[in-house]
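1. Predicted model, plus sequence, below.
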Amino acid sequence: MDNSSPASSERILLEPYKYLLQLPGKQVRTKLSQAFNHWLNVPEDKLQVIIQVTEMLHNASLLIDDIEDSSKLRRGFPVAHSIYGVPSVINSANYVYFLGLEKVLTLDHPEAVRVFTRQLLELHRGQGLDIHWRDTYTCPTEQEYRNMVLQKTGGLFGLAVGLMQLFSDWKQDLKPILDTLGLFFQILDDYANLNSREYCHNKSYCEDLTEGKFSFPIIHAIWSRPESTQVQNILRQRTENTDIKRYCVDYLEKVGSFAYTRQTLHDLEAESYRLIREFGGNPQLESLVKHFLLHIHDPLNEGARF
C-alpha cells in the first residue's frame with residue numbers, strides 16, 4: 001500500500017475522525033444553528049461553512065474527551081482510541097481543529113478568527129476545570145459547576161452563533177439564551193447518563209460513575225448530605241461494578257437528587273421559552289428543546305425511572 005501520496009497521507013490522518021463520523025449522533029449544534037438562523041438570517045453559503053466548522057470541532061473534541069475520560073464506548077460503539085491508539089487519535093483531533101480554523105478563514109471576515117479563538121479557549125478552560133475536579137476528587141459547588149458548563153458546553157454553542165452574527169444584521173445579545181440552552185443540554189445529558197435506558201445501551205451503564213465525574217445530580221447529592229461520604233467513595237473507586245452503580249443511583253433517588261435535577265431542567269426549559277418569546281419567538285428552537293426532552297423518554301415526569 002502506497003502511503004506516500006498526499007491523498008493517502010490525508011486518509012491516514014483523518015481515519016480516526018472519520019470513524020467517529022460514521023457513528024450516529026444527534027447533531028445538536030447543527031440543529032441549533034439552523035434554529036438560530038430564524039433570527040439571524042445568515043446567507044446560506046456562510047451558514048453551511050459555519051455548521052461544518054462547528055461539527056468538525058465538536059467531533060474532534062469528542063475524540064479527545066473519550067481519551068481524557070477513559071471512555072470505552074461512544075454512541076454504542078468502541079471509542080476511536082481503542083481501535084487506532086491514543087497517539088493517532090490525539091493527532092487526528094488536533095489536525096481537525098486546524099482544518100476548522102482553515103475553513104473559518106474562507107469566511108473572509110476580519111473578526112472570524114477572533115471569535116474562533118475566544119470560543120475554543122473557553123471550551124478548553126471549562127474542560128480543564130472538569131478534569132481537575134475529577135482527578136483531585138474536588139466536588140464543586142453548583143454555581144462553580146454552572147460556570148464551568150457555560151465555558152465547556154457554551155464554547156461551541158457560542159462559536160456557531162458568534163460566527164453567524166458576523167454575517168447578520170440582527171444584533172441582539174443572544175448570550176442569555178445561549179447560556180440557558182448550554183446549561184439545559186448539559187444537565188439533561190448528566191441526568192440521562194444516570195437515568196436513561198438509551199444511555200444504558202449507548203454507553204456503559206452509568207459511565208459518569210466509572211469516570212468519577214462530578215455531574216449535576218452527583219453534586220447535589222454530595223452537598224445535600226455533607227455528613228455522608230458514600231458518593232465520594234464510589235466515585236473514587238472508578239467502579240465498573242453494576243451493583244455498586246445501581247446502589248448509587250438508588251441513593252441519588254432517595255436523597256432527592258434526581259427530583260432536584262428534574263426541577264432544574266423544568267426551570268431551564270421555562271426560562272428558554274421565556275427568552276425565546278422575548279426575542280420575538282422561534283418555533284424551530286422551541287421544537288428543538290421539546291424534542292430533546294422527549295428524546296430520553298420524558299424523564300421529567302415525576303418518578304420516571306429508566
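-> Yep, that arrived. Just so it is clear, the structure is predicted and the values come from calculations on it, not from any experiment.
2. all strands of the stretch 51-200 of the chain, in order?
-> Along the stretch 51-200 of the chain, counting by DSSP state E, counting those that start in this stretch, strands occupy 73-74, 77-78.
3. contacting residues around the last one?
-> Same thing as strand 77-78. Contacts to strand 77-78, defined as CB atoms under 8 Å, 6 or more residues apart in numbering, come from residues 23, 72. The way it works is simple: take the backbone N, C-alpha and C, and place the C-beta from them, glycine included.
4. Walk me through which strands it pairs with, and which way each runs.
-> Sheet partners assigned to strand 77-78 using DSSP bridges are listed as strand 73-74 (antiparallel).
5. How far off centre is the partner strand?
-> Remark: strand 73-74 is offset 14 Å from the chain centroid, using CA atoms, centre = their mean, to the nearest Å.
6. circling back: return the most buried member of the strands of the stretch 51-200 of the chain.
-> strand 73-74 (a mean of 18; mean count of other CB atoms under 10 Å).
7. hang on, the earlier thing: of the strands of the stretch 51-200 of the chain, which is nearest residue 105?
-> strand 73-74 (29.6 Å; CB to CB).
8. Give me the average confidence score over the closest one.
-> Taken as a whole, strand 73-74 has a mean pLDDT of 86.
9. Sketch out the helices for the stretch 51-200 of the chain, chain order is fine.
-> With helices called from DSSP state H, counting those that start in this stretch, the stretch 51-200 of the chain shows them at 81-84, 86-105, 112-135, 142-166, 175-195, 197-202.
10. I'd like those helices as TSV, with mean pLDDT, distance to residue 32 and mean neighbour count appended.
-> As requested, the helices of the stretch 51-200 of the chain are exported to TSV (pLDDT from 0 to 100; distance: least, CB to CB, whole Å; neighbours: other CB atoms under 10 Å):
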stretch	mean pLDDT	distance to residue 32	mean neighbour count
helix 81-84	98	28	17
helix 86-105	98	17	16
helix 112-135	96	14	17
helix 142-166	93	7	21
helix 175-195	93	7	22
helix 197-202	52	20	15
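11. now those as TSV including distance to residue 40?
-> Below are these laid out as TSV (distance: least, CB to CB, whole Å):
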stretch	distance to residue 40
helix 81-84	37
helix 86-105	17
helix 112-135	14
helix 142-166	5
helix 175-195	12
helix 197-202	32
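12. Tell me which of those helices lies nearest to residue 37.
-> helix 142-166 (6.8 Å).
13. list the helices and strands that closest one packs on?
-> Under the contact criterion of 3 or more CB pairs under 8 Å, 6 or more residues apart in numbering; DSSP states H and E, helix 142-166 touches helix 28-40, helix 44-68, helix 112-135, helix 175-195, helix 216-224.
14. Any chance of JSON lines for those, columns distance to residue 87?
-> Output for the helices and strands packed on helix 142-166, formatted as JSON lines (distance: least, CB to CB, whole Å):
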{"stretch": "helix 28-40", "distance to residue 87": "27"}
{"stretch": "helix 44-68", "distance to residue 87": "10"}
{"stretch": "helix 112-135", "distance to residue 87": "19"}
{"stretch": "helix 175-195", "distance to residue 87": "28"}
{"stretch": "helix 216-224", "distance to residue 87": "32"}
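15. re the thing from before, closest one to residue 44 among the strands of the stretch 51-200 of the chain?
-> Between those, strand 73-74 lies closest to residue 44; by CB to CB that is 30.9 Å.
16. got the domain boundaries for this protein?
-> Following automatic domain parsing, one finds the domains of the chain at 12-171, 173-306.
17. want to try a markdown table for the ones you listed, with distance to residue 6 as columns?
-> Below are the domains of the chain laid out as a markdown table (distance: least, CB to CB, whole Å):
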| stretch | distance to residue 6 |
| --- | --- |
| domain 12-171 | 10 |
| domain 173-306 | 36 |
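18. Out of the helices and strands packed on helix 142-166, flag the one nearest residue 159.
-> Here helix 112-135 is closest among the helices and strands packed on helix 142-166 (CB to CB), at 3.9 Å.
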